[in-house]
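In: Predicted model and sequence below, questions to follow.
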Amino acid sequence: MPMQDHEPSTSADTIRGLRHLDMSLMSEHTMAHDEHEDASPNHPGSSLYHPPSPFSAFQSEPGSPSGDSVSSFPSVSSSFLFSSGPASHPPSEPDSDLGDSTSGLVIPSLMLPSPSKRPTPYGQTLGELRLLLLGPKGVDLSAIASQLVDDSEDVVEVGIWEEDRPEGGNTRGKRKASLRVSTHWVEHRDAHGLERVEPARNVEIMELSPYDPYSEADVVVQHVLPIIHSPFYQVMSILNREHPPSGTLAHILSSSSSPLHTALILVACPSPTPAEKSLIEALSPHIPIVVLPLASPATRDSPPNVSYKISSPHLSSFRPASIDALRIGLFRNPSTLARLRAEAASRFLRWREVERAVERVQWGVHASTSQTTAMKTPMPAHAHPNEKRGWWDKEEWEAQWEGELSHEVALHLRRRRAGTVRRITPLSSLPPASQTSYFRARDAPSAVPDTPMPRDADEQERGLLSPSCPSAAFDPLHIPSLVVFSVSLLGALRTRVARSVGLHGVKRAAGAVVPEDGQQRRGGRSFGYRFGIGFALMSAFCAGVGIGLLAARF
C-alpha cells in the first residue's frame, strides 16, 4: 500500500520536473541574450528583468491542488500539461538578428499585365473593315490613321505599322504600310484544352503612297488600281463566271466578312486641284470614295466641306465633315457601314461585267448551241431577272452602270494593251462554257475561246494584247456591214443554184472534142441563165431592204 500511494505522486513530480527543466533552459537562454543586448550600444535602455514563468513548479496559485491531490488523477494532469506545452512559444528573435541573414536576398518585383479592355457592343458586331488611306504629299497620313483609332472607344487593341515591301522588281501598286486594329477578342482552344485570348485584328488601314497634287491623275490611278482590284480577282476566281448579277450575290459580297475593300479615304486639299478631281472621277467607279477635308490652321475650328465641292455621280453618299464624324460613321453607325459595303459590292459587280465583256471582245463571239445547252448553269426558279431584294435593285443598278459599259470596256482594253491591268488566269485555261452577260439576253451565244494566241514571256507578265476595238465591226445592225455581207453571199448562192439545176456540164472525158456550135449554144444558154438568176437575187435583196426600212420607219 505505501508503494502504491507513492507511485502516482512520483509520476506527477517527474512530469513537473521535466517541465521545470525545460523552462529553466529557456530562461537561461533568454538571460544570456538580454545580457548581449545590454552590452550593445544600440540598446542602452534594455532591462534584465523578466517575470517568472507562470508554469514554474516552485510557484503555485492559491487554492491549487497539491501534488498528492493531483497524483490521484494522473491521466487528467498529464493530458493538461502536455496539451498546454505547445501553446507556449519561445520569445521571437529581434529584427536585428534577422537582418544579417536576409541581407543578401533579393525579391524581384513582378509587373502584372494591364487589364484587357472590354469590347463594346459596336465593336463586337463591327465585322471586317478594310480601308485605304490616300492623300497628297506633305500630309501625315499615319497621324490621321492613329487619330482615327486611338480616340475610338470601340478599339480594344492597336497593332503596329507593318511596312510592305514589293515582291521582285515590280513597284507598281506598292503600298507604304498597313495598320491592323482589333475591336473585340477571339478565344482559341488548343489540342490540350487550354484557352487563350487573342485580338481579332478585324480592322485594316492601308496607307498608300502619297501623290503630287499637281501631277497627272493617270500616274496615280496606275498605282492605286492594282491594289483595289487585288481582292476583285480573288473573289472572281471562286465565283461562277456564268452566273449573272443577282440580289443574293450582292448580299453575300456586302456582308460583314466581305474581303472587298470597304472604302477609300481620300484626304483632299481645301481647294481641290484638277488632278484631284480627275483622280476621284477615275477611282470612284471602282471603290467608294470618302472625301476627308484637310483642315488648315486657319479653318481648324470649321473645316471646309470639300465633298460638296466635288461633283461626281459615283461618289460615296457618306461625306463626313471631320475626322470625328468619320470615326462615328465607321465605328458607331451600322447603317453607314452597311451602305459603304453595299456600294463596294455594286462596284465589284460592275467591274465583273466589264471584265467579261472585255474577254468576249478579245476572243470573239462564236455560236455553239450544243455547248451552250450542256454547260449553261440552270437559273433558280426564284431568281427572277427583275428581282429586287432588300437594298439591291437590279433595274436601278442596270440604269446606273449600263450607259457607261462601252466606255469602260474600251478603257479596260487600253489598259490591258498598256500592261496596267493583269489577267486573273489565262483564257486558254478556262473551260469552254457559256458566259452570260447581264446586259444581253441570257440565251445569246456564248463566248468560246478560239485557238490560243502565241504569247511570249513579256506578254504573259503584262497581260494579253488585244487588237483595236472599232465599234462598227461589232454592231450587228450596222447597215454597211449588212450590205457588204449580203453582196459577198451572192456569188456562192448563184453557184449553188446553178449546180442544182444542172447548168454546169458534166466533166468531159479525157481527149473528147466538143463541136464549136455546141459550145456556142451552151455558152449563150449559161450566160442567159446566170444573168437572170443574178437579176432575180438582186431584186429580191433590194425589195427586202426596202421593206425593212419602211417597217422600221413606221
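Out: Yes, it's here.

In: so where's the stretch 151-300 of the chain uncertain?
Out: Within the stretch 151-300 of the chain, the ranges that satisfy pLDDT under 70 run 165-175, 295-300.

In: Could you tell me which ranges of the chain sit under the pLDDT cut-off?
Out: In the chain (pLDDT under 70), the answer is 1-114, 165-175, 295-314, 361-479, 481, 501-529, 554.

In: Give me the domain ranges for it.
Out: Following automatic domain parsing, one finds the domains of the chain at 2-89, 121-371+390-462, 476-501+528-554.

In: Measure how buried Ala268 is and give me the count.
Out: A count of neighbours around Ala268, defined by other Cβ atoms under 10 Å, yields 26. C-betas here are computed from N, CA, C, even on glycine.

In: With Leu134 as the reference, measure out to it.
Out: 10 Å (Cβ to Cβ, to the nearest Å).

In: Kindly report the same for Glu355.
Out: Distance from Glu355 to Leu134, by Cβ to Cβ: 24 Å.

In: More neighbours: those two, which one.
Out: Neighbour tally, Glu355 and Leu134, criterion other Cβ under 10 Å: the higher count belongs to Leu134, 26 against 20.

In: was I right about the more buried one contacting His261?
Out: No - judged on Cβ atoms under 8 Å, Leu134 makes no contact with His261 at a distance of 11.6 Å.

In: Give the intersection of the neighbour lists for Ala268 and Leu134.
Out: With contacts defined as Cβ atoms under 8 Å, 6 or more residues apart in numbering, no residue is adjacent to both Ala268 and Leu134.

In: Can you tell me the SS state at Ser257?
Out: Following DSSP: H, G, I helix; E, B strand; the rest coil, the label given to Ser257 is coil.

In: ok, it - contacts?
Out: With Cβ under 8 Å, 6+ apart, Ser257 has these contacts: 127-128.

In: Now do stretch 191-211: distance from first to last residue.
Out: 49 Å (Cα to Cα, to the nearest Å).

In: which SS state does Ser178 fall under?
Out: Secondary structure state of Ser178, per three-state DSSP, is strand.

In: Any idea what it is bridged to?
Out: Glu162, Met206 (DSSP bridges).

In: now that we're looking at it, which residues does it contact?
Out: 161-162, 164, 204-207.

In: Report the separation between Ser256 and Pro119.
Out: Applying Cβ to Cβ, the value for Ser256 to Pro119 is 15 Å.

In: And the two? Which one has more around it.
Out: A direct count of neighbours by other Cβ under 10 Å for Ser256 and Pro119 places Pro119 higher, at 19 against 14.

In: what about the more buried one, distance to Pro231?
Out: Distance, Pro119 to Pro231, using Cβ to Cβ: 26 Å.

In: do the same with Ala143
Out: 27 Å.

In: Comparing those two, which shows the higher neighbour count?
Out: Pro231 (16 against 10).

In: What sits closest to that one if chain neighbours are left out?
Out: Pro259 (4.8 Å; Cβ to Cβ, 6 or more residues apart in numbering).

In: same deal with Ile160?
Out: Nearest one to Ile160, counting by Cβ to Cβ, 6+ apart, is Leu179 at 7.6 Å.

In: pretty sure the one you found is in contact with Trp161, am I right?
Out: Yes - between Leu179 and Trp161 there is a contact under Cβ under 8 Å: 5.4 Å.

In: Any chance you could list residues touching both of those two?
Out: Residues touching both Leu179 and Trp161 (Cβ under 8 Å, 6+ apart): Glu207.
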